[in-house]
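Engineer: Please find the sequence and the predicted model below.
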Amino acid sequence: MVKLFGAATSAVARLHEVNLFVDHQSQRAGKNQTGVSQRAGFDLDACYDTHEEFVEVVSAFLKQHDDHKFDLTAQPLKIKATLSPAFCIDNDVSIGACAVTADGDLQRRVAMLLRSDIFDCSGYYFHLQHAHERRDGAKYSFSCPASVEDRPAERDPSTIQRYTVQKEYFECHGECHISFSKANASATVIYEHIGHTESRKFHMIEEVRNYIKSHKYLPPRQIYRKLIQMTNVPDFEKPEAHVITRKQVYNFWISLTQGDWHRDVDDFG
């Protein structure tokens, strides 16, 4: 088990600790006579003060520990991330303020942004199953749509159109829970999942492309935040508009603005 606490620990040092942990886990797996990894508690248990550190450490850990190949004998990979009151998402909302607010819409937006971070870090998309208010704060529960638990009831083969793509399901037990704590003014992300083929990347619908084009003068993080907020706008009612990732928005924004940068450089030549 890895436990990392304290704001003084640098992101570089923490990534090194993650590397040491992965090596240790590999040795443990090699000594296991049954071929099944025996894990107790969380494989990565860390506290984060910044969004950048959270994304870097979790991404590095998953990149080294999940090869996106399903193994029926594997145990779920378990991650716990505690986000401190000072943790800011998109540089304008602190977890401390979000945890104690009575604004349910704000909490839901932050939960969705953190869900998208997990998508970016892991390659797996989790959809919202339910949200409920607890005494200490709201909890949002997500599940992996590729899990056999989410498999819909079998349909009559005669009603299925020929071009329908056969969806693959796994016993991955994929869950992600995001909880806010009023008492600690913090948030906790719990991730549990057995690796398998990555979720397909959602295409960017034309309405989203047009929105980014018309707002390309804004920083990409601000564009992404506004897209997440626009859940009630008619043009953005399609689910695909709300499951794009920060990387997709950033990459498209770069493709639009890169030419402007080159022109600016030429102006000084």
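Structural biologist: Looks like it came in fine. Numbers count the residues shown, from 1 in each chain.
Engineer: burial of Ser214, as a residue count?
Structural biologist: 10 (other Cβ atoms under 10 Å). Where C-beta positions appear, they are placed from N, C-alpha and C, glycine not excepted.
Engineer: How about the backbone phi and psi for it?
Structural biologist: Here is the backbone geometry of Ser214 (degrees, to the nearest 10): phi -80, psi -10.
Engineer: Leu128 too?
Structural biologist: According to degrees, to the nearest 10, Leu128 has phi -70, psi 120.
Engineer: do you know how far Lys63 is from Gly123?
Structural biologist: Separation of Lys63 from Gly123 (Cβ to Cβ, to the nearest Å) stands at 9 Å.
Engineer: Settle it for me: which of the two has more neighbours?
Structural biologist: Taking neighbours as other Cβ under 10 Å, Lys63 and Gly123 compare with Gly123 leading, 18 against 14.
Engineer: Dump stretch 178-196 to PDB, keeping only the CA atoms.
Structural biologist: The C-alpha coordinates for stretch 178-196 follow below in PDB (Å, rounded to 0.1, in the frame of the first residue of the first chain):
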ATOM      1  CA  ILE A 178     -16.700  11.100  -5.600                       C
ATOM      2  CA  SER A 179     -17.700  12.300  -2.200                       C
ATOM      3  CA  PHE A 180     -17.600  15.700  -0.600                       C
ATOM      4  CA  SER A 181     -17.000  16.100   3.200                       C
ATOM      5  CA  LYS A 182     -18.300  19.200   4.900                       C
ATOM      6  CA  ALA A 183     -16.500  18.300   8.100                       C
ATOM      7  CA  ASN A 184     -13.100  18.200   6.500                       C
ATOM      8  CA  ALA A 185     -13.900  20.700   3.600                       C
ATOM      9  CA  SER A 186     -12.400  18.100   1.300                       C
ATOM     10  CA  ALA A 187     -13.300  15.600  -1.400                       C
ATOM     11  CA  THR A 188     -12.500  11.900  -1.900                       C
ATOM     12  CA  VAL A 189     -12.200  10.000  -5.200                       C
ATOM     13  CA  ILE A 190     -12.400   6.200  -5.000                       C
ATOM     14  CA  TYR A 191     -11.500   4.300  -8.100                       C
ATOM     15  CA  GLU A 192     -11.900   0.500  -8.500                       C
ATOM     16  CA  HIS A 193     -11.500  -1.300 -11.800                       C
ATOM     17  CA  ILE A 194     -10.000  -4.300 -13.500                       C
ATOM     18  CA  GLY A 195      -8.200  -3.300 -16.700                       C
ATOM     19  CA  HIS A 196      -9.600  -4.100 -20.200                       C
END
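Engineer: buried set for stretch 67-78?
Structural biologist: Judged by neighbour count (16 or more other Cβ atoms under 10 Å), stretch 67-78 contains these buried residues: 74, 76-78.
Engineer: Kindly indicate which of those lies nearest Lys216.
Structural biologist: Using Cβ to Cβ, Leu77 comes nearest to Lys216 of those, at 37.7 Å.
Engineer: Pretty sure the closest one sits against Asp66.
Structural biologist: Yes - Leu77 is within contact range of Asp66, at 6.4 Å (criterion: Cβ atoms under 8 Å).
Engineer: CA atoms only for the helix or strand containing Ala131, dumped as PDB, please.
Structural biologist: Assessed by DSSP states H and E, Ala131 sits inside strand 127-134. In PDB, the C-alpha atoms belonging to strand 127-134 read as follows (Å, rounded to 0.1, in the frame of the first residue of the first chain):
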ATOM      1  CA  HIS A 127     -21.100   7.200 -16.500                       C
ATOM      2  CA  LEU A 128     -23.200   8.600 -13.600                       C
ATOM      3  CA  GLN A 129     -25.300   6.100 -11.900                       C
ATOM      4  CA  HIS A 130     -26.800   8.100  -9.000                       C
ATOM      5  CA  ALA A 131     -26.100  10.900  -6.600                       C
ATOM      6  CA  HIS A 132     -27.300  11.300  -3.100                       C
ATOM      7  CA  GLU A 133     -26.900  13.700  -0.200                       C
ATOM      8  CA  ARG A 134     -25.400  12.300   3.000                       C
END
